[in-house]
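Peer 1: Sequence first, then the predicted structure, then my questions.
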Amino acid sequence: MLRNYKADDDDDGGEGKNVRRLLENATSANTLTCLICISTIKKNDAIWNCSNCCASLHLACIQKWAKDGIIRTSQHLSDEFFPEKDRFWGCPKCRFEFPLRDAPTRYYCYCGKTTDPKDDPWILPHSCGEFCGKTLKSGCAHKCVLVCHPGPCPPCPAQCRVKCFCGQQQKVVRCGGKSWCCGKTCQKAINCGKHQCQEPCHDGECPPCAKKVSTKCACGRETALQLCRIGDWHCQRVCGMKFDCGLHSCNKVCHSGDCGPCIFSLPRSCPCGKTKSVTDCSAEISPCGNTCEKPVCPLHFCQEPCHPGDCGPCTESMKKTCPCGAKTKPLPCSKVFTCDSKCKSQRNCGRHPCNKRCCAGTCPPCDQICSRVLNCRNHKCDSLCHAGPCYPCTQVVEVLCACGRTKVAVPCGKQRSTKPPKCNLACEIPPECHHPSRTPHSCHFGRCPPCTQICSILQSCGHHCQARCHSAVEVLVRSDKERPAGPWELKNSPDLEIHEYPCPPCEQLVRMPCLGGHDETPMKCCESRVVSCGRPCARKLECGNHVCQLPCHEVENPEDLEKFDSACDECSSLCTFKKPCGHPCVLACHRGDCPSCPETVRVKCHCGGMTLKFSCGKVARLTQAEKNDVFSCKVQCPALMSCDHPCTQLCHPADQPHSLPADCKKKCPLKCPCGRIREQHQCAKVLAGFKLVCDEECHAQAKSRKEEEETKIRLARELKEKEEALLQEQYDKKKGKKRPRNRYHDEEETPFLKEHWKKIAGVAAVVAVAFIAYIIQTV
């Protein structure tokens with residue numbers, strides 16, 4: 001039904017996936033749970049669906065819940081004085097408040113068209129089977145085309161051609177996701193009127209212009225690069241220009257135009273503000289001598305002569321009553337009087353007293369935790385103390401399989417009656433035998449099946465056992481077929497023990513060599529032995545040049561077919577062994593090395609730059625250290641180190657490491673972190689971690705750059721606050737317009753008032769007298 005909706009599509013925001021999940025939960029068994037009674041919702045139960053969170057609850061449970069919620073919200077206000085008070089109740093899951101008129105009374109399908117839908121095995125439970133027809137949330141004129149379903153409706157699937165945010169491209173998209181971004185540059189005109197927006201295609205207004213231009217401040221003293229959108233800017237320098245009096249200076253910050261007259265030469269008021277006078281700007285204004293009469297409290301005024309500074313607190317004595325009205329005491333007007341009496345009224349929860357000192361009758365809400373056990377019997381209510389029943393437990397408990405990797409979420413309190421989920425993952429219980437892992441099988445409860453793998457234990461013969469695993473075999477100790485002695489005895493379960501058995505004899509075929517190691521014969525490992533093959537021995541004699549011609553015989557090392565053995569014949573031929581240098585030996589067959597070779601050979605130096613001549617025998621007698629010294633041309637090595645400088649050593653062997661960069665004496669350029677200071681230092685010193693440090697001038701330049709950035713940020717913040725203030729002022733002007741009077745309505749009510757005004761006046765007088773009497777009694 002939802003095959004045309006993609007859960008990962010950007011247009012629907014994942015709503016199709018949410019609807020699919022709700023449909024799967026509604027169609028599967030034992031997944032819908034009533035949060036009020038913590039029981040499974042069956043297919044033929046009458047339910048109520050929340051229009052906000054789409055939660056399904058039993059109709060009887062939600063009716064009782066709504067009734068308790070309405071009583072709880074209306075018990076704090078009296079029907080006599082508040083006849084039109086709002087009564088509401090909340091959803092147990094999302095706490096959305098519904099008015100009294102929306103209290104559930106009937107059982108409807110998901111779409112709300114059919115009353116008391118019948119259970120049909122061919123359609124979704126609690127569904128009418130008709131098209132949903134609800135108005136979609138995308139705001140278009142289309143309606144939901146799915147069959148009556150739980151949860152929110154998916155986004156509109158209709159296709160339409162719309163433009164991107166910047167209006168440069170068009171494409172066909174879903175009606176529910178009309179807004180899209182083409183990814184190109186916006187190119188719209190910015191508020192500065194000079195530049196274009198360079199941001200990628202975006203929704204809403206373009207950001208302010210971020211380009212910088214060179215402009216002067218208001219006073220014209222400084223010129224700096226400022227954002228184009230800022231316009232006029234101030235350098236934050238005090239003007240400091242002298243007024244015409246020559247005594248005082250202008251204290252305004254970076255302004256344009258004339259500084260104006262001296263602020264001390266304008267008319268100034270006395271401390272109490274009753275008289276004004278113009279004096280010399282260098283003279284102070286003296287008190288006028290009249291009574292101050294500034295208000296010191298809402299009831300009294302200052303009676304002191306005109307004086308500078310604050311008037312101080314009010315000292316008039318008056319009779320004060322505490323807020324609860326229990327006690328009265330004369331005190332100064334500026335002091336607050338409260339008594340020590342504790343309020344004994346109950347708070348809104350109806351369980352705890354107020355206990356507030358000198359309470360005026362407005363007892364605060366209870367601030368203690370409810371801590372009553374919820375219907376799940378596992379948790380306590382963590383809300384503030386309240387009247388009426390607590391909300392259901394909102395926590396979700398996970399029911400795990402045997403391995404704990406597959407889980408299903410159920411409401412708290414139902415985990416005991418929920419079966420563990422079926423797990424298709426591999427069992428991870430460690431094996432009881434010697435194998436590193438068990439035979440692959442699914443996760444399960446109880447004991448694992450016996451191991452069916454090959455034993456593979458290394459035996460004394462060197463082969464691995466090919467029998468079935470026998471290191472952990474289950475052996476039945478007591479059969480479960482034994483009958484109990486009477487009905488009072490329980491049926492005995494079979495007792496199994498784990499036994500380890502030895503490996504059987506090795507029957508693997510092996511190839512046994514003959515006495516001389518010439519051939520191999522296949523035999524069983526447990527019956528293998530060594531025999532002669534009858535072939536010639538063919539091993540080298542003691543001279544190393546000829547082979548033995550005797551038939552296959554026993555030798556000390558049959559695996560080596562070339563090594564001389566004491567059982568072989570002696571050699572009587574000439575020497576055919578070549579010298580290590582490759583030149584032939586002219587002597588008779590002999591043991592040991594041949595004499596030194598007198599031939600001349602050419603050898604390249606270590607670096608390959610020169611060719612040296614030596615005697616072949618002399619070269620053969622040299623040790624490795626002597627060869628390294630003799631084969632060196634004594635010229636500097638041309639190889640490069642890791643610092644890209646040539647090696648400092650003379651010509652040396654390839655296996656000898658080159659010079660380390662720490663020995664390099666070449667100079668490298670170096671600069672400080674800010675890049676202002678630049679010097680030349682040795683390469684080894686630079687690699688050792690030497691760095692140039694910024695001096696005071698570098699820090700001064702960095703500080704000036706930071707101050708300029710802070711000034712730009714503050715100016716941008718002030719400009720934004722001015723724009724917000726201007727928008728708020730325009731909004732307040734629009735909201736202040738008055739609605740036109742309905743003359744037609746006034747003309748209709750006028751004859752009625754003229755005819756019944758005496759009765760209305762009498763009723764109003766009776767109500768006023770009753771209200772005054774009630775107020776007097778309560779006071």
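Peer 2: Done, it's in.

Peer 1: check contacts around the residue of the chain most remote from its centre.
Peer 2: Largest separation from the mean C-alpha position in the chain: S572, at 88.4 Å (C-alpha atoms, centre = their mean). Neighbouring residues of S572 by C-beta atoms under 8 Å, 6 or more residues apart in numbering: C589. In this view, the C-beta of every residue, glycine as well, is placed from N, C-alpha and C.

Peer 1: For I47, name its beta-bridge partners.
Peer 2: Taking DSSP bridges as the rule, I47 bridges to H58.

Peer 1: Please, where are all the helices along this protein?
Peer 2: All helices of the chain, identified by DSSP state H, fall at 15-27, 59-74, 616-621, 624-630, 683-687, 696-735, 743-778.

Peer 1: ranges for the strands of the stretch 351-500 of the chain?
Peer 2: Ranges of strands in the stretch 351-500 of the chain, per DSSP state E, counting those that start in this stretch, are 396-400, 407-411, 473-478, 495-499.

Peer 1: nearest to C390, of those?
Peer 2: For the strands of the stretch 351-500 of the chain, the distance to C390 is smallest for strand 407-411, at 14.9 Å, taking C-beta to C-beta.

Peer 1: what's the closest of the helices of the chain to C322?
Peer 2: C322 sits nearest to helix 743-778 of all those, at 16.8 Å, using C-beta to C-beta.

Peer 1: Assess the claim that C451 and H434 are in contact.
Peer 2: No: proximity of C451 to H434 does not meet the contact threshold set by C-beta atoms under 8 Å, at 9.4 Å.

Peer 1: Specify which residue of those two has the higher count of neighbours.
Peer 2: Shown here are C451 and H434; by other C-beta atoms under 10 Å, C451 has more neighbours (22 against 14).

Peer 1: Next up, the contacts around Q395.
Peer 2: Going by C-beta under 8 Å, 6+ apart, Q395 touches C376, H379, C412.

Peer 1: I'd like these as TSV, with distance to P669, pLDDT and neighbour count appended.
Peer 2: What follows is the contacts of Q395, written out as TSV (distance: C-beta to C-beta, whole Å; pLDDT from 0 to 100; neighbours: other C-beta atoms under 10 Å):
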residue	distance to P669	pLDDT	neighbour count
C376	73	83	18
H379	70	87	14
C412	70	85	19
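
Peer 1: Can you add distance to R268 and give the residues you listed back as JSON lines?
Peer 2: What follows is those, written out as JSON lines (distance: C-beta to C-beta, whole Å):
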{"residue": "C376", "distance to R268": "76"}
{"residue": "H379", "distance to R268": "71"}
{"residue": "C412", "distance to R268": "75"}
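
Peer 1: Between the residues you listed, which sits nearest K242?
Peer 2: H379 (77.0 Å).

Peer 1: Nearest residue to that closest one in space, ignoring adjacent ones along the chain?
Peer 2: Spatial nearest neighbour of H379, chain neighbours left out: C393 (5.4 Å); criterion: C-beta to C-beta, 6 or more residues apart in numbering.

Peer 1: Can you verify my assumption that the one you found contacts Q415?
Peer 2: No: in this structure, C393 is not within contact of Q415 by C-beta under 8 Å, at 11.8 Å.
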